[in-house]
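> Here you go, sequence then predicted model.
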Amino acid sequence: GEGFLAEVSFGRLRLSRVVDDDRPGPAEWGKGREGRLEWGDWEFLWGPEKAGISRRSGWAIWVEPGCGVVRAAAVGDRLVPLGGSGHRAVSRLLMEARVVRGVRRRYPVVLRGDELVWIPGVCRAQAAVPDPGAAALRLEARRRGQRVGAGDAVG
């Protein structure tokens, strides 16, 4: 059924409508030279571009050419952060980025094959990072119809 969820997170009260499973299913990105994908409240855009120097956080990344999948973050997801050592839990990275608990279950992660490469606005993984100047795809994530607030991830 449907209902409402009241959640206190990071000193703020957040009310949201709850549907049994409002997470979008996995969707493929990277087909074709350029493209656009709507995934839940998010929009992903990609196109060819020479790779620049990759940063750990941000709303756009460069990846090696090819296809991948966007899906909701899942229990047990882990990645090796760009410039870091060891694996980090996606749930922990989302919490550190101050993404409220109710949003975390619908937060997108980007994969190339079975490997997690990016949590938009939160963390870039070491996987599928092209060398600067190499042929690449620029992949950008945007939230659709939402304004950025204090509880949103920043990049």
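Noted; the coordinates are in hand.
> can we go C-alpha only for contacts and neighbour counts from here?
Will do.
> helices and strands around the top helix by length along the chain, which ones?
Longest helix in the chain, counting residues (DSSP state H): helix 90-96. The helices and strands touching helix 90-96, judged by 3 or more CA pairs under 8 Å, 6 or more residues apart in numbering; DSSP states H and E, are helix 101-104.
> Enumerate the positions of the helix it packs on that are buried.
In terms of neighbour count (16 or more other CA atoms under 10 Å), helix 101-104 has its buried residues at 101-102, 104.
> Next: stretch 86-106.
90-91, 93-95, 97-102, 104-106.
> could those residues be laid out in JSON lines, adding distance to residue 39 and pLDDT?
JSON lines is the format used below for the buried residues of stretch 86-106 (distance: CA to CA, whole Å; pLDDT from 0 to 100):
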{"residue": "90", "distance to residue 39": "19", "pLDDT": "97"}
{"residue": "91", "distance to residue 39": "20", "pLDDT": "95"}
{"residue": "93", "distance to residue 39": "21", "pLDDT": "96"}
{"residue": "94", "distance to residue 39": "18", "pLDDT": "96"}
{"residue": "95", "distance to residue 39": "22", "pLDDT": "95"}
{"residue": "97", "distance to residue 39": "21", "pLDDT": "94"}
{"residue": "98", "distance to residue 39": "21", "pLDDT": "92"}
{"residue": "99", "distance to residue 39": "18", "pLDDT": "92"}
{"residue": "100", "distance to residue 39": "19", "pLDDT": "88"}
{"residue": "101", "distance to residue 39": "19", "pLDDT": "84"}
{"residue": "102", "distance to residue 39": "17", "pLDDT": "81"}
{"residue": "104", "distance to residue 39": "15", "pLDDT": "89"}
{"residue": "105", "distance to residue 39": "14", "pLDDT": "88"}
{"residue": "106", "distance to residue 39": "10", "pLDDT": "92"}
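> Of these, which is the nearest to residue 38?
Distance to residue 38 across the buried residues of stretch 86-106 (CA to CA) is lowest for residue 106, with 13.6 Å.
> Please report how far the closest one lies from residue 119.
Distance, residue 106 to residue 119, by CA to CA, to the nearest Å: 12 Å.
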